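Engineer: just need the structure, nothing else, for what follows:
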Amino acid sequence: MRFPRTFGAIDMQKTEELIMRSIELGVNYFDTAWIYSGSEEAVGAIFDKNRVREKIYIATKMPLVMTKKHEDFDRFFDQSLQRLKTDYIDYYLLHMVTDTEQLRTLKKWGIEDWIAKKKKTGQIRQIGFSFHGSGSEFLGILNDYDWEFCQIQYNYSDENFQAGVTGLRAAAQKMPVVIMEPLLGGKLANGLPKDAIKIFQNADANLTPAGWALNWLWNQEEVTTVLSGMSVMSQLEENVRLADAAHIGMLGDTGKSVYANVLESVNRSCKIRCTGCNYCMPCPVGVNIPGCFSAYNMMYSLGFVAGMQQFITSTGFTSEKSGSPSMCIKCGKCESHCPQKLSIMKELANVRKRMEPWLIRFIGVCARAFLGKKRKKTNV
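Structural biologist: Numbers count the residues shown, from 1 in each chain. Sure, this is the predicted structure:
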């Protein structure tokens, strides 16, 4: 999901270097999804080129937000096989399961028979689901089908969010549990407030904030696999080193108290719990929703100047095609796709109020008008 990109496209050279180095270091589980733009194609091309398919396990997902009838099951599955250049999927997930009602609808469309046939032919080796709903729904989904694994969002700042620690422990009694968003979209690695970083450094100057976040997970026996979404080689090297050294129960009472102090700082500064997953995108009118929220949070954690600088660059605020929150038409499309169930339209209004006071809006309008006039003149 977070492969390195250049001008929006996956950088195949850097991605191949990352993947092959990870395999060399012992990584064998690769998680992608139909809905991750370009990801399945990149993974398939690199595995095929280097002939490593039999050395690794592929996990990919059926996009339930786009699945409307029985025929869609084969359509999306076959496209994934084609993109991944394989004839079977080791770990196949129903993507973004939110509640038991959704599962009942899939059963009406024949999902159980479809899975059984794919399992019989060997095209699906293990069947699971990724969860993006409320904790009360998770246990119902867990017990409503004979799943072989599941994937949940879980990190030290989300211990009681979505499935949470209760769901983790319940699931682990029945199946392997894969953890997504261990770094909350990178915010627990490079988006922490200064005082939180200082707390970690005082406790262990040799361990990065990302390392602290990953160790919190590896400390728990219920955690099977962690999807940390490495984008550069240094992240890969650090994450593998941490996993190699980790063991259950390695954090004592002193270590656990460090997280409590950091979490207190994080909760004070993080106003919008957006992970930057981009499921809300693209916005029909071009609002850069994750960029707006990231800048808004940064303003509270790192200060006004840093937040405003990111806001202007990530939204193209002064460009002719702005991704400003003021462009929002409140269509609600984003909220229907948000795994975090954020009140996106309401939060965009808060961002606009905080980061676009009348003077800033006036400057933006003038800049966009000037650029539009200049472009028109050039075209003439």
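Engineer: per-residue pLDDT of residue 191, please?
Structural biologist: Looking at residue 191, its pLDDT stands at 82.
Engineer: my bad, should have said residue 47
Structural biologist: For residue 47, the pLDDT comes out at 98.
Engineer: I figured it hits residue 41, correct?
Structural biologist: No. In this structure residue 47 lies outside contact range of residue 41 using Cβ atoms under 8 Å: 11.1 Å. All C-beta spots, glycine's among them, are computed from the backbone N, C-alpha and C.
Engineer: ok now stretch 11-25, how far from the chain's centre?
Structural biologist: Using Cα atoms, centre = their mean, to the nearest Å, the mean C-alpha position of stretch 11-25 is found 20 Å from that of the whole chain.
Engineer: meant to ask about stretch 57-76
Structural biologist: The answer for stretch 57-76 is 19 Å, by Cα atoms, centre = their mean.
Engineer: put the alpha carbons of it into CSV.
Structural biologist: Presented in CSV, the C-alpha positions along stretch 57-76 are these (Å, rounded to 0.1, in the frame of the first residue of the first chain):
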residue,chain,number,x,y,z
TYR,A,57,3.0,-16.0,0.5
ILE,A,58,0.7,-13.5,-1.2
ALA,A,59,-2.2,-11.9,0.6
THR,A,60,-4.7,-9.8,-1.4
LYS,A,61,-8.3,-8.7,-1.0
MET,A,62,-11.7,-8.5,-2.6
PRO,A,63,-12.9,-4.9,-2.7
LEU,A,64,-16.3,-5.2,-1.0
VAL,A,65,-17.0,-1.5,-1.5
MET,A,66,-17.2,-2.2,-5.2
THR,A,67,-18.8,-5.6,-5.0
LYS,A,68,-22.5,-5.5,-5.9
LYS,A,69,-23.5,-9.0,-7.1
HIS,A,70,-22.3,-12.6,-7.2
GLU,A,71,-20.6,-12.1,-10.6
ASP,A,72,-18.3,-9.6,-9.0
PHE,A,73,-16.6,-12.3,-6.9
ASP,A,74,-15.0,-13.9,-10.0
ARG,A,75,-14.4,-10.6,-11.7
PHE,A,76,-12.2,-9.1,-9.0
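Engineer: begin at 483 from here
Structural biologist: Right, with 483 as the first residue, what we last looked at is stretch 539-558.
Engineer: so for it, mean pLDDT?
Structural biologist: Average pLDDT, stretch 539-558: 96.
Engineer: distance-wise, check residue 541 relative to residue 571.
Structural biologist: Applying Cβ to Cβ, to the nearest Å, one obtains 8 Å for the distance of residue 541 from residue 571.
Engineer: scratch that, residue 677 is what I was asking about
Structural biologist: In this view, residue 677 and residue 571 are 45 Å apart by Cβ to Cβ.
Engineer: the two: which is more packed in?
Structural biologist: residue 571 (23 against 15; other Cβ atoms under 10 Å).
Engineer: my guess is the more buried one contacts residue 565. True?
Structural biologist: No. Shown here, residue 571 and residue 565 do not form a contact pair, counting by Cβ under 8 Å, at 11.2 Å.
Engineer: residue ranges for the helices of the stretch 533-682 of the chain, please.
Structural biologist: For the stretch 533-682 of the chain, the helices defined by DSSP state H, counting those that start in this stretch cover 553-566, 582-590, 593-603, 617-624, 646-654, 669-672, 676-685.
Engineer: mind checking which of those helices is nearest residue 722?
Structural biologist: Closest approach to residue 722 among the helices of the stretch 533-682 of the chain (Cβ to Cβ): helix 669-672, 15.5 Å.
Engineer: now what about that closest one, what contacts it?
Structural biologist: Here helix 669-672 makes contact (Cβ atoms under 8 Å, 6 or more residues apart in numbering) with 637-639, 664-665, 690-692, 695, 748, 752, 757-758, 779.
Engineer: recalculate using a threshold of 6 Å.
Structural biologist: Taking contacts as Cβ atoms under 6 Å, 6 or more residues apart in numbering, the residues outside helix 669-672 that touch it are 665, 691-692, 695.
Engineer: residue 818: which of these is nearest?
Structural biologist: Nearest to residue 818 among those: residue 665, at 25.8 Å, using Cβ to Cβ.
Engineer: restrict stretch 700-709 to CA atoms and write it as CSV.
Structural biologist: Only the C-alpha atoms of stretch 700-709 are listed here, as CSV (Å, rounded to 0.1, in the frame of the first residue of the first chain):
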residue,chain,number,x,y,z
TRP,A,700,5.6,-7.9,19.3
ASN,A,701,5.4,-7.9,23.1
GLN,A,702,1.9,-9.5,22.8
GLU,A,703,1.5,-13.2,22.2
GLU,A,704,-1.7,-12.8,20.3
VAL,A,705,0.0,-10.9,17.4
THR,A,706,1.0,-13.1,14.5
THR,A,707,2.1,-10.8,11.8
VAL,A,708,2.7,-7.0,11.6
LEU,A,709,2.2,-5.0,8.4
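Engineer: that stretch: which residues count as buried?
Structural biologist: Neighbour counts over stretch 700-709 (16 or more other Cβ atoms under 10 Å) mark 700-702, 704-709 as buried.
Engineer: quick check: of these, which lies closest to residue 837?
Structural biologist: Using Cβ to Cβ, these come closest to residue 837 at residue 709, 31.5 Å.
Engineer: just confirm that closest one contacts residue 662, I think it does.
Structural biologist: Yes. Residue 709 lies in contact with residue 662 (Cβ atoms under 6 Å); the separation is 5.0 Å.
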